[in-house]
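Colleague: I would like to see how this sequence folds:
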Amino acid sequence: GSYVDEIIDLAYDDDPDVRMEAIRYVYQFYEGEVKEKLTVGLQHEDARIR
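Modeller: Numbering: from 1, shown residues only. The predicted model follows:
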């Protein structure tokens, strides 16, 4: 859904706390297909997300 994409956009917010919460939310509620989108997060500049 479109709001999932908005949450993923938050994973690239300027605020590291916002990024962490967005990613934690996605991982908790959207196991599966959304994680494939978040494989981009593996190349994310914030080491805490890896």
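
Colleague: isn't Leu10 right next to Val18, touching?
Modeller: Yes - using Cβ atoms under 8 Å as the test, Leu10 is close enough to Val18 to be in contact (5.6 Å). In this view, the C-beta of every residue, glycine as well, is placed from N, C-alpha and C.

Colleague: Compare neighbour counts for those two and give me the winner.
Modeller: The residue with more neighbours, out of Leu10 and Val18, is Leu10; 17 against 13, by other Cβ atoms under 10 Å.

Colleague: Skipping adjacent residues, who's closest to the more buried one in space?
Modeller: In space, and not counting its chain neighbours, Leu10 is closest to Ala22: 3.7 Å by Cβ to Cβ, 6 or more residues apart in numbering.

Colleague: secondary structure element for that neighbour?
Modeller: Per DSSP states H and E, Ala22 falls inside helix 16-29.

Colleague: what comes up buried for that helix?
Modeller: Going by neighbour count (16 or more other Cβ atoms under 10 Å), the buried part of helix 16-29 is Arg19, Met20, Ala22, Ile23, Val26.

Colleague: hmm, which helix or strand of this structure has the shakiest average pLDDT?
Modeller: When the helices and strands of the chain are compared on mean pLDDT, DSSP states H and E, helix 33-37 comes out lowest with a mean of 61.
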